[in-house]
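Chemist: following is a predicted model, sequence given first.
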Number of protein chains: 2
Amino acid sequence: MPAYKAPLRDMRFLIDEVFDFHGSYAANGAEDATPDTVSAILEEGAKFCEQVLAPLNRSGDEEGCHFNDGVVVTPKGFKEAFAQYAEGGWMGLASDPTYGGQGLPHSLGLVVGEMVGSANTSFGMYPGLTHGAMAAIAAHGTDEQKQAYLPLMTEGRWTGTMCLTESHCGTDLGIIKTRAVPNADGSYAISGTKIFISAGEHDMSENIVHLVLAKLPDAPAGTKGISLFIVPKFLPDASGEAGERNAVACGSIEHKMGIKASATCVINFDGAKGFLIGEPNKGLNCMFTMMNHARLGTGMQGLCSGEASFQGAIQYANERLQMRALTGVKFPEKPADPIIVHPDVRRMLLTMKAFNEGNRALAYFTAQLLDQIHSSDADKRKEAEDLLAFLTPICKSFMTDTGLEVTNLGMQIFGGHGYIREWGMEQLVRDCRIAPIYEGTNGIQALDLLGRKVLGSQGKLMLGFTKQVHKFCEANAQHPQLQHYVSQLAGLNRELGEITTRIGMAAMKNPDEVGAASVDYLMYCGYLVLGYFWLRMAVVAQGKLDEASDAAFYQSKLTTAEFYFARLLPRTAAHKAAIEAGSASLMKLTADQFAF
Amino acid sequence: MPAYKAPLRDMRFLIDEVFDFHGSYAANGAEDATPDTVSAILEEGAKFCEQVLAPLNRSGDEEGCHFNDGVVVTPKGFKEAFAQYAEGGWMGLASDPTYGGQGLPHSLGLVVGEMVGSANTSFGMYPGLTHGAMAAIAAHGTDEQKQAYLPLMTEGRWTGTMCLTESHCGTDLGIIKTRAVPNADGSYAISGTKIFISAGEHDMSENIVHLVLAKLPDAPAGTKGISLFIVPKFLPDASGEAGERNAVACGSIEHKMGIKASATCVINFDGAKGFLIGEPNKGLNCMFTMMNHARLGTGMQGLCSGEASFQGAIQYANERLQMRALTGVKFPEKPADPIIVHPDVRRMLLTMKAFNEGNRALAYFTAQLLDQIHSSDADKRKEAEDLLAFLTPICKSFMTDTGLEVTNLGMQIFGGHGYIREWGMEQLVRDCRIAPIYEGTNGIQALDLLGRKVLGSQGKLMLGFTKQVHKFCEANAQHPQLQHYVSQLAGLNRELGEITTRIGMAAMKNPDEVGAASVDYLMYCGYLVLGYFWLRMAVVAQGKLDEASDAAFYQSKLTTAEFYFARLLPRTAAHKAAIEAGSASLMKLTADQFAF
């Protein structure tokens, strides 16, 4: 397994130099997040992830979770690591101080989450799901509910889940079958079976708080008849501690391609006592308020696996001796040159680097927007919400699709050794492979982006972003070193507007045009968005190139930007062509004409 | 696991209607391969693969191979299936009748191989390696050696391996350390450790015949000092049967991402008795003569996994009910529409179909060329050899890269269920993932294509193919229905010539330009090559559209061709841009500037 080392220099480049987290923390009233605090958290987080979580990653994959008669045992060391995580206060880093959290900005939580996920994706699922459940309770719970659950979850003594999927529906939640029948005491009896429940059962916490989508007896059909319930594994007793066992049981765990140390459970609710959270029949809306967080979090898994893979690949490329450089022997004293001399190996490494660092910039920018939606300034809130609406599906899909490409490249650089489990490179591919699927498949994200967001707003939600790009391009149009890239980006930015208009026109006549274009549209947007962030990074790097102490870092940024603009950004041309092909060739075949 | 059904209709379309196997069998003197024989073999092969091999695919993955003190046990059922395979005469289908083979054309062997690999990739490795070893002995062995090994291998009583890789070298065989010291009796004492030896040890055959690359004591350095040896696990006794145990032992087996039922072994030679095959120091040349077969065979693994994945995905897309069609409810009596109504699901299915059927056409065409290199007509031989030189690295890389894309799409169509092992879709991704790596990584194939073949021949080896495309486009330039595609293909065909010339010019000044362009160049060629075969298939299908009994099949071909030209072929634009970016951004960073 490649040893993980948190890429603190690159993180600080974004936090301090590109996005000015400190300025926006100060402006948003996050006074506690001083530069010193941020720095300390980065260093402590790095230490914990490198020393505690990373060493459990391979063993967790090999050992997996074990299920026996309703009990799930996580791999050796996970329980202890989780206790350390909780004890270190990491669970409550960005949580409400009213309930024991540290109240630091969400963007800082995301940076720590990157380190956790890069060191050990499976481990990251447990706090990740708990954070989701906490956010739901914080946003929609009564004061009593918040008081009952949030402090214990913030402490990490209780963990949480999100129970949405059933065996016959994942995307199409309107047809769920789980039922909630009112009890005399105001609670509900929840009955049904949920599948794919991450952290649904395990041995790390004293109690598990399930957030469950179910239908009331009189609920309207479809998505407008879904309600959300808190269903704890153990009902809180009079003192607030885990008391009587609820009628919730883990029926089995899934055997998966990857994230094997993350328990993916079938959870049976057999008239379990549940408590309505939020309004009846508004359960899906409650979920939607957390969607931006959850989707960005899933997008991060693409970056996390990609970063871990890059670290393994770069080390191997420097150590593995094979063939001589095409331009002549570089290391005559060695039996062969290290493979990093070969242009094609560099192509793979730079593709990895360009996606990782670009995705990191996209994610950190988006995380800043998530901070901003709590701003007291309504205009700033609205601006952030609109940008988030556009960027979130891109984060989720583009970061996971490119993350998968990156982990596959990392494996490829290892040659045959990449296919062998002990090297750890193939695990990163397997762990990453779920990210384009769950939390809304990437296909669904693309429909959300193009159909619901962009066309649904008559283009407004796209314009918020493309205007920002436009302004940036205008401001840098004469940039002495980078104007070539500025004009490339400005051209694509204009083109996106044109493409969008054409799809919109076509979709008015035929709704299938949206589904026919959506995935290629999202990828086009993704490459453009990353182009924007690469250029922003390049402008900063170019301005600091004379800082002798760190010139190599800035030079590396500029070269990677050059690579991105020359080699990756032109992929937009293929996506444009696919978009413009329209739905015709997709819809002609009858279902039985696909195979003979 | 998706049930496998051999795609006989599509196979026959290529064999009978597009490439006229029968005509070329008759012309090449393969009189035994009558249409009736071919048909019987397809049907028997399909039956065996569907009924015997496919049911062992999931269990083989779950169980894997077991190693204990030098002994390798294959998963339950594999030994018996192999016995049936041997008994059925499948091992010797395309082998020399002098040694007990049936002497049928190699192209027919490839078609059967497709069925074997689609049903069970891991199983296919055992006969696959034996075929490789048989080909080496047949091409370079003495009559005595052929007599000693080929009949028993043809019977499937003995199997074979190819022992090339060592832990410190895979691509760079010039630095192997295994040594061969002459014995007094004319044999050699072989010492060294080989890794990644597929079928290196197992329980299926009475003896294992290793073909081993090693260095003689006085060998020149590098690739010109490598010799090839036959090193049987058991030395043949006086009666020709497996006799005394040789000093060959399996040290361990690898734990891999996939093809888990294929034993991948560390093989230790401890002064084992070996027999020189071919001339001293010409071992790598001996290997090269089999390279075309082996590389096409590896390319086939992309198609095999892709076909199996498509079969699973199409079934699931017809059965899984989720959401309603964007254009309105299609199945009001069901709780939701089957997902095949959704344009984006169709995009994925058609991408799978277009790559699979295009790759099958490419492979069958290439297999015909492999028949043709045994032609008595020297001109035909030369023509076939030149085309093979160009097409083989494309088969190996393009078919495996797109095969991996196809299997990933198949998994994606299953949503969360795709990630769960019992459905079998993720196994296909894992099994396929080795194919872009072994038998020369896809990066090495690309260097072979662009550097050694195309530029090494001053473009001649490319022109042999592009001229064929040019002629075809000229002949069909006025095609009433397809001329639009003809002109698209002709344009790209011209463009390839221009791109090649520009790379050639740049490479004269800077050899790194070859490595910088190679992978994108190969992919560009691959899309063009598939475009050519899709158009050939479309022309045939268009001509037969009036055959009422099979109109749906031909319509499906035409729609898939339309999809390919509209949606996939334009990816050449992105590869062209990457090629034209040159080596500049790749070579700037020093090794320590990749990460900070």
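Modeler: Cool, got the structure. Numbers count the residues shown, from 1 in each chain, chains lettered A, B, ... in the order given.
Chemist: now do the longest strand that chain A contains, average pLDDT.
Modeler: Longest strand in chain A, counting residues (DSSP state E): strand A:264-277. Averaged across strand A:264-277, pLDDT comes to 98.
Chemist: before we move on, what about stretch A:133-152?
Modeler: pLDDT averaged over stretch A:133-152 gives 97.
Chemist: show the contacting residues for whatever residue of the stretch 251-400 of chain A ends up closest to chain B.
Modeler: Closest contact between the stretch 251-400 of chain A and chain B, by Cβ to the nearest Cβ, is at residue A:343 (3.4 Å). C-beta here means a position set from N, CA and C on the backbone, and glycine is covered the same way. Residues in contact with residue A:343 (Cβ atoms under 8 Å, 6 or more residues apart in numbering or on different chains) are A:326, B:512, B:514-516, B:518, B:583, B:586-587.
Chemist: repeat that for 10 Å
Modeler: By Cβ atoms under 10 Å, 6 or more residues apart in numbering or on different chains, the residues touching residue A:343 are A:325-327, B:443, B:447, B:510-519, B:582-583, B:586-587.
Chemist: and for residue A:525?
Modeler: A:390-391, A:393-394, A:397-398, A:446, A:449-450, A:454, A:462, A:465-466, A:492, A:496, A:499-500, A:572, A:575.
Chemist: need the three-state assignment for it.
Modeler: Of the three states, residue A:525 takes helix according to DSSP: H, G, I helix; E, B strand; the rest coil.
Chemist: pLDDT on the helix or strand that the longest strand of chain A is followed by, on average?
Modeler: Helices and strands here follow DSSP states H and E; after strand A:264-277, the next one along the chain is helix A:283-319. Helix A:283-319 carries an average pLDDT of 94.
Chemist: one step back: what subset of the contacts of residue A:343 is buried?
Modeler: With burial judged by 16 or more other Cβ atoms under 10 Å in any protein chain shown, the buried subset of the contacts of residue A:343 is A:325-326, B:443, B:447, B:510-519, B:582-583, B:586-587.
Chemist: take those residues and keep only those in strands.
Modeler: Per DSSP E, strands hold no members of the buried ones among the contacts of residue A:343.
Chemist: ok so, going back, centre of the chain to the longest strand of chain A, how far?
Modeler: 26 Å (Cα atoms, centre = their mean, to the nearest Å).
Chemist: distance of residue A:501 relative to chain B?
Modeler: 20 Å (Cβ to the nearest Cβ, to the nearest Å).
Chemist: and that residue, which helix or strand is it part of?
Modeler: Going by DSSP H and E, residue A:501 is part of helix A:483-509.
Chemist: repeat that for residue A:212.
Modeler: strand A:207-214.
Chemist: wait, residue A:537 sits on residue A:559?
Modeler: No: counting by Cβ atoms under 10 Å, residue A:537 does not reach residue A:559; the two are 11.7 Å apart.
Chemist: residues touching the residue lying closest to residue A:278 once chain neighbours are set aside, list them.
Modeler: Of all residues not flanking residue A:278 in the chain, residue A:140 sits nearest, at 3.8 Å (Cβ to Cβ, 6 or more residues apart in numbering or on different chains). Residue A:140 makes contact with A:146, A:211, A:228, A:230, A:276-279, A:282-283, A:285-287, A:289-290, according to Cβ under 10 Å, 6+ apart.
Chemist: residue A:574 reaches residue B:569, doesn't it?
Modeler: Yes: Residue A:574 lies in contact with residue B:569 (Cβ under 10 Å); the separation is 9.4 Å.
Chemist: quick check: neighbours shared by these two?
Modeler: Residues within reach of residue A:574 and of residue B:569 at once, by Cβ under 10 Å, 6+ apart, are residue B:527.
Chemist: tell me where the stretch 351-500 of chain A has helices.
Modeler: Secondary structure of the stretch 351-500 of chain A, counting by DSSP state H, counting those that start in this stretch: helices at A:378-413, A:425-432, A:442-447, A:460-475, A:483-509.
Chemist: and these, which is most packed in?
Modeler: helix A:425-432 (a mean of 28; mean count of other Cβ atoms under 10 Å in any protein chain shown).
Chemist: quick one, that helix and helix A:283-319 angle?
Modeler: Put simply, helix A:425-432 runs at 170 degrees to helix A:283-319, going by axes from the mean of the first three to the mean of the last three Cα atoms, to 10 degrees.
Chemist: could you check how far the residue of the stretch 251-400 of chain A closest to chain B is from residue B:581?
Modeler: Separation of residue A:343 from residue B:581 (Cβ to Cβ, to the nearest Å): 11 Å.
Chemist: got it, and residue A:269?
Modeler: Counting by Cβ to Cβ - residue A:269 and residue B:581 are separated by 56 Å.
Chemist: more neighbours, the two?
Modeler: Counted by other Cβ atoms under 10 Å in any protein chain shown, residue A:269 and residue B:581 do not tie: residue A:269 has more neighbours, with 26 against 21.
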